[in-house]
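Novice: Sequence first, predicted model second:
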Amino acid sequence: MSDTLKTRLHRKALTWAVALIAGAAAMVLALLLLLFPALERVYLNQLGSREASTLGLAVEGLNGSLRRFEALPGLIAERPDLARALRDPSDTALIDRVNADLRRTAEEVGLSDIFLIDPDGLTIAASNHWKELSFVGQNFAYRPYFTLALAGQQGRFFALGTTSGERGYFFAEAVRDTTGIVGVLAVKFTVDAFEAAWRDGTNDIIVQDDAGVIFMASRPDWHFRSLGPLSDAARDAIEATKKYPMDQLLPLQITQQPFDERFRHLSITGDDGQTERFIVQSQMIPEAGWQVSLLTPTEQAWTRAMGTVALTALLLLLVGLIATVVIQRRMQLQERIRAALSMQEELEHRVTRRTAELKEANRLITQEVEERRAAETLLRQTQTELIQAGKLAALGQMAAALSHEFNQPLAAVKSFARNAAAYLDRGQPDKVRQNVGMIDDMADRLAAISTHLRNFARRPGEKTEPILLNRALDSALIILEPKMRASGCRVDRGTIDGEIWVLGGQVRLQQVFVNLLSNAVDAMSDQTDPLIDLSIDLENNRVHVSVRDRGTGMTDAEIAQLFDPFFTTKEPGKGMGLGLSISYNIVRDFGGTLEGRNHPDGGAVFTVSLTLAEAPSMAAAE
Ligand code: ADP
């Protein structure tokens, strides 16, 4: 697979993975948005439950105030001055005293107003008598608390003060003397302080009366508004009792729907067109006929639900991102492993290829070696055959030389035999013996020639083994001893350290040295003090044995033919020209070489080089 194709496939896989993660995240997000209303509902429920205590506190506060002031009119009404003043309202001193008394009491108990009303509804004394907007002289016959109190019941009523313009709660009780009810004592407490406290919280609180009119609210612009239109009867009753200002009795623009058994949804669109949403919970104050409602803005729950969705989305995004990064890393890692594997594969391929090439090269070399070996064998064979052929060719020469060599002694033998016969006939036995002795010499000479010929006819390849060089040299010198003595030749052997073992054959090597030493003696035949230098040099695994004489040396033409069979410069009867030729072949059979050259200081040097051998073990040597 090509690299670009791999990269494209890798990218495609990555795009798929990312798309899959993005799709999953989008699905979860969509699900969350779908679940958003339920989530908001849960938070709304939590919110409402948490704020229930706020509603409880507000109701408790109101209830407490109501209960506190409820008993007050009855107590104050029992003061005798009040009934007296009602009986004689013209007694200004008494009225003044009652006014002062009421003012003090109002201040002490924290009431807004305390006032005394005669049976016609006219206020004859009041705690606010000294104020500009005093109740004194005002007629409250239209107020229900007055009519109820006058009828002997406890009057209670909430209304906007027609004189003061302040909203307040009125309690009223009948003032009695011995004759019965002579008037009414009413007290009023304002609710502004409650509202001020409510405004501090995050919630809104409204209090509706039995007709549904909001008479208390944490927001002043909701005063006298209602959550829905008022019935005509209710409006008439309000108008009759001058409870609220009729022009302000307007319903709020709302939509309501139930949430659960405790809460309900409420949205209020203000005069500015802005809609606010609340979760509402209510509680009744039955004695007063009030419904206290706590309006908690739903915004908080919405924000929290939104926050949860956003947080989840963020988390999803983060998880998606991490997953993408992890997947990408994994893919990169896989890609790297794949690359490494393919590289290894390629390497293995290369190694296999190279091994095959090497094997082939090896095979070719082996083949070449085989061919060369075969060629060499052929060459050797050819050489051997050539040598043999050469020998055959030389046979003609040899035959001629032989006939010459043999004819001469044979002719001599013949003549010595004839002479012997003649001397025998003449009865000269000494002469006969002399001639027979000469015949014997001739026979020896013929035997020597025959021995040479036997050596020459030998084929190479006889066994080679470790032999002692020293011994071969010693034997050769012993053999030549008589010849040396005859010619007065000395041998300088130099010094040889220990035994030197070489590869060869004992008798054949000895024959080589005999030849070389013999030639050296011959070369110095006309010298007065012939001397032969015999030296041995070791070099690596070779040993060089040199035989140097101080004769006339050799011409270049002679050097060129030295090792040719039957090459001789010696006079007939002295040499056959086979010694060096045979020696050359012997040394070559040992794996050595034989060289002949002139010494710079005169004379000839013949050097035999042989391969050194390990001394055989004692047992083998013996
Ligand atoms: P032969 O000794 O029978 O002549 P060789 O093969 O031993 O046969 O020697 C061949 C020839 O090499 C000799 O005739 C001679 O001319 C030459 N020759 C050999 N050894 C020496 C030497 N030490 N000094 C000079 N010439 C030599």
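Specialist: Now that the structure is in, tell me what you want to look at. Computed from a prediction, not measured in an experiment: that's the story for all the values here.
Novice: How much space separates Leu333 from Ala339?
Specialist: Computed with CB to CB, to the nearest Å, the distance linking Leu333 and Ala339 is 11 Å. All C-beta spots, glycine's among them, are computed from the backbone N, C-alpha and C.
Novice: now swap in Ser415 and tell me
Specialist: Taking CB to CB as the measure, Ser415 falls 108 Å from Ala339.
Novice: cool, Ala233 as well?
Specialist: From Ala233 to Ala339 the distance is 92 Å (CB to CB).
Novice: Which of these two has more residues huddled nearby?
Specialist: Between Ala233 and Ala339, Ala339 has the larger neighbour count (other CB atoms under 10 Å), namely 12 against 9.
Novice: what does the chain have sitting close to the ligand?
Specialist: The chain comes close to the ligand at residues 515, 519-520, 523, 549, 551, 554, 558, 562, 567-570, 575-581, 604, as judged by CB under 6 Å from any ligand atom.
Novice: Quick one, which of those are buried?
Specialist: Buried by 16 or more other CB atoms under 10 Å: 515, 519-520, 523, 549, 551, 554, 562, 567-568, 575-581, 604, out of those.
Novice: show me what contacts the closest residue to the ligand within the stretch 151-300 of the chain?
Specialist: Residue nearest to the ligand within the stretch 151-300 of the chain: Gln300 (135.7 Å; CB to the nearest ligand atom). Residues in contact with Gln300, defined by CB atoms under 8 Å, 6 or more residues apart in numbering, are 43, 47, 202.
Novice: and it, what helix or strand is that in?
Specialist: Under the criterion of DSSP states H and E, Gln300 resides in helix 299-426.
Novice: For Gln291, the count of nearby residues, please.
Specialist: 18.
Novice: List the beta-bridge partners for it.
Specialist: Beta-bridge pairing for Gln291 (DSSP bridges): Gln208, Met284.
Novice: Which residues are in contact with it?
Specialist: Each residue near Gln291 by CB under 8 Å, 6+ apart is listed here: 207-208, 282-285.
Novice: what do you get if the cut-off is 10 Å, keeping everything else the same?
Specialist: Going by CB atoms under 10 Å, 6 or more residues apart in numbering, Gln291 touches 206-210, 212, 214, 227, 282-285.
Novice: Buried subset of the residues you listed as a ChimeraX selection?
Specialist: In ChimeraX syntax, the buried subset of the contacts of Gln291 is picked out as below (16+ other CB under 10 Å):
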select :206,207,208,209,212,214,227,282,283
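Novice: Which pair of the contacts of Gln291 spans the longest distance?
Specialist: Greatest spatial distance among the contacts of Gln291 (CB to CB): Leu227 and Ile285, at 17.4 Å.
Novice: correct me, but Ile181 touches Thr147?
Specialist: No: the criterion here is CB atoms under 10 Å, and Ile181 misses it with Thr147 at 11.8 Å.
Novice: What strand or helix carries Thr15?
Specialist: Using DSSP H and E, Thr15 sits within helix 3-70.
Novice: so how far is that helix off the chain centroid?
Specialist: Its chain's C-alpha centre and that of helix 3-70 lie 40 Å apart, by CA atoms, centre = their mean, to the nearest Å.
Novice: any idea of the mean pLDDT for it?
Specialist: Across helix 3-70, pLDDT averages out at 82.
Novice: Tell me which residue is most central in the protein.
Specialist: For the chain, Leu333 is the residue whose C-alpha lies nearest the centre (CA atoms, centre = their mean; 7.3 Å).
Novice: does the residue nearest to Leu55 when sequence neighbours are not counted count as helix, strand or coil?
Specialist: Counting by CB to CB, 6 or more residues apart in numbering, Leu294 is the residue found nearest to Leu55 once chain neighbours are left out, at 3.9 Å. Put simply, Leu294 is strand when judged by DSSP: H, G, I helix; E, B strand; the rest coil.
Novice: And Leu294, how far from Ser267?
Specialist: According to CB to CB, Leu294 stands 16 Å off from Ser267.
Novice: Between the two, which is the more surrounded one?
Specialist: Set Leu294 next to Ser267 and count neighbours by other CB under 10 Å: Leu294 wins out with 28 against 14.
Novice: Now intersect the buried ones among the residues of the chain next to the ligand with the helices, please.
Specialist: Counting by DSSP state H, these place 515, 519-520, 523, 579-581 in helices.
Novice: quick one, what contacts the closest residue to Thr312 other than its chain neighbours?
Specialist: Leaving aside its sequence neighbours, Thr312 sits nearest to Leu32 (CB to CB, 6+ apart; 5.6 Å). Leu32 makes contacts with 39, 305, 308-310, 312-313, 316, as judged by CB under 10 Å, 6+ apart.
Novice: Whichever of these end up buried, select them in ChimeraX.
Specialist: In ChimeraX syntax, the buried subset of these is picked out as below (16+ other CB under 10 Å):
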select :39,305,308,309,313,316
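Novice: Now name the helix or strand holding Tyr169.
Specialist: Secondary structure (DSSP H and E) places Tyr169 in strand 167-177.
Novice: Pull out the buried positions in that strand.
Specialist: In strand 167-177, counting by 16+ other CB under 10 Å, buried: 167-176.
Novice: And the furthest pair within the residues you listed?
Specialist: Pairwise distances among the buried residues of strand 167-177 were taken by CB to CB; the largest, 29.8 Å, belongs to Arg167 and Arg176.
Novice: Next up, identify which helix or strand Leu230 is on.
Specialist: Using DSSP H and E, Leu230 falls outside every helix and strand.
Novice: what does the one 3 residues further on give?
Specialist: Under the assignment given by DSSP H and E, the secondary-structure element containing Ala233 is helix 232-241.
Novice: C-terminal to that helix, what's the next element?
Specialist: As assigned by DSSP H and E, the chain's next helix or strand after helix 232-241 is strand 253-258.
Novice: Other residues contacting that following strand?
Specialist: For strand 253-258, contacts defined as CB under 10 Å, 6+ apart pick out 225-228, 264-271, 273, 275-278, 280.
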